[in-house]
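Undergrad: build the 3D model from these lines:
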Amino acid sequence: MIKVWKTDDRRIHEEERIQSGVWVQMINPSVEEGQKVADELNVDIEDVLAALDEEESSRIEMQDGYTLILVDVPSIEIRHEKESYTTIPLGIILTQDEIVTICMEDTPVLQAFVNNRVKEFSTKKKLRFVYQILYRTAALYQSDLRVIDKKRTEIEERVGDDTEDSDLISLHELESTLVYFATSLRANGVVLDRLTRYKRLEQYPEDKELLGDVIVENKQAIEMTSIYRDIINGTRELMSSVLDNRLNNVMKSLTIITLVMAIPTVISGIYGMNVNSQWVPFANTTHGFAIICSIIILICVILLVVLRKKKIL
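TA: Modelled structure (predicted):
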């Protein structure tokens with residue numbers, strides 16, 4: 001899908017064709033659509049469709065007549081029938097008179113511009129537009145990171161009797177997401193570093209200040225990712241310890257039950273031997289069965305008391 005936008009008097013509206021000062025938004029375009037834009041703007045088709053490859057890494061390339069900027073933005077995907085976070089490439093092509101964005105989906109990073117929720121936004125100020133996109137990208141990373149930490153907190157609150165093996169799997173998925181985020185944020189940081197030396201297009205004085213804010217926000221997102229990864233590692237170790245301790249308690253209980261039940265088993269086994277009754281205590285005694293049962297109960301009680309004093313029970 002291709003949409004052409006242009007701002008006039010700080011209001012954005014859709015145009016019917018590509019012209020000077022417009023923003024061409026391409027959402028999961030087909031090869032035919034990519035070829036059409038590439039021919040009209042004199043851009044390499046491979047650069048137009050580069051953002052459609054999930055394995056593309058963040059980078060900035062300066063070509064004849066245009067510049068390609070690739071960054072990773074957060075995205076939501078369904079994993080194991082649950083919503084999870086990942087990252088997808090966002091391509092930005094700067095020509096002399098136009099700016100083109102290419103992404104596999106309608107990312108929230110660009111939705112804010114379409115909905116006219118970004119101050120001082122103009123499609124004619126292309127480099128500032130790029131910085132605003134990168135700023136909102138860093139902000140979206142931070143927002144998603146807070147959601148991830150909230151999910152971790154919910155899992156941590158269940159640590160104890162309600163802890164399940166599925167919670168460990170959920171923590172692993174959150175940790176995997178943070179790995180993706182950390183990798184993408186570091187790659188985006190390299191692009192930002194190169195943009196500080198970008199001289200091809202005119203930069204307004206406030207643009208440099210905005211780029212500095214973007215770099216700060218990106219570094220903060222990297223720091224948050226590192227902190228949350230450490231916290232998740234601690235939570236995962238705590239849950240593993242809780243599950244191991246629960247297993248140990250079950251094994252201890254089974255051992256105690258086996259030990260106590262061994263007493264009547266041994267005594268009944270001895271009395272079940274096929275020998276002369278004159279050698280068996282209480283064989284000919286009135287209420288002998290009751291006496292033997294009482295002795296068994298007494299021994300079991302003594303054993304339980306000893307285990308209790310030893311703090312085994």
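Undergrad: now the strands for the chain?
TA: With DSSP state E as the criterion, the chain has strands at 2-8, 11-15, 23-27, 59-63, 66-79, 82-94, 99-103.
Undergrad: distance to Glu40 and mean neighbour count added to the ones you listed, as a markdown table?
TA: (Glycine included, C-beta is placed from N, CA and C.) Shown next, in a markdown table, are these (distance: least, C-beta to C-beta, whole Å; neighbours: other C-beta atoms under 10 Å):
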| stretch | distance to Glu40 | mean neighbour count |
| --- | --- | --- |
| strand 2-8 | 11 | 17 |
| strand 11-15 | 13 | 13 |
| strand 23-27 | 9 | 22 |
| strand 59-63 | 16 | 14 |
| strand 66-79 | 12 | 20 |
| strand 82-94 | 12 | 20 |
| strand 99-103 | 10 | 24 |
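Undergrad: and for the closest residue to Arg11 other than its chain neighbours, the neighbour number?
TA: Distance criterion C-beta to C-beta, 6 or more residues apart in numbering; nearest residue to Arg11, sequence neighbours excluded, is Asn116 at 6.5 Å. The tally of other residues near Asn116 (other C-beta atoms under 10 Å) stands at 13.
Undergrad: can you check Ile296 too?
TA: Ile296: 16 surrounding residues under other C-beta under 10 Å.
Undergrad: cool, the one 5 residues further on as well?
TA: The tally of other residues near Val301 (other C-beta under 10 Å) stands at 11.
Undergrad: per-residue confidence at Thr137?
TA: Each residue has a pLDDT score; the one for Thr137 is 93.
Undergrad: so where's the protein uncertain?
TA: In the prediction, the chain carries residues with pLDDT under 70 at positions 80, 160-163, 165, 200-203, 277, 313.
Undergrad: all helices of it, in order?
TA: Secondary structure of the chain by DSSP state H: the helices cover 31-41, 45-48, 108-114, 126-157, 165-195, 205-271, 288-309.
Undergrad: so which elements touch the longest one?
TA: Using 3 or more C-beta pairs under 8 Å, 6 or more residues apart in numbering; DSSP states H and E as the contact criterion, the elements in contact with helix 205-271 are helix 126-157, helix 165-195, helix 288-309.
Undergrad: format those helices as a markdown table; extra columns: distance to Leu211.
TA: Shown next, in a markdown table, are these (distance: least, C-beta to C-beta, whole Å):
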| stretch | distance to Leu211 |
| --- | --- |
| helix 126-157 | 5 |
| helix 165-195 | 6 |
| helix 288-309 | 70 |
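Undergrad: of the ones you listed, flag the one that's most buried.
TA: Among the helices and strands packed on helix 205-271, helix 126-157 has the highest mean neighbour count (mean count of other C-beta atoms under 10 Å), at a mean of 19.
Undergrad: next one: it to chain centre, how far?
TA: When C-alpha coordinates are averaged (C-alpha atoms, centre = their mean, to the nearest Å), helix 126-157 and its chain have centres 12 Å apart.
Undergrad: what packs against it?
TA: strand 66-79, strand 82-94, strand 99-103, helix 108-114, helix 165-195, helix 205-271.
Undergrad: identify the residue nearest the residue of the chain most remote from its centre in space, chain neighbours excluded?
TA: Distance from the centre of the chain peaks at Gln278, with 76.0 Å (C-alpha atoms, centre = their mean). Excluding the flanking residues, the one nearest Gln278 by C-beta to C-beta, 6+ apart is Asn284, at 7.7 Å.
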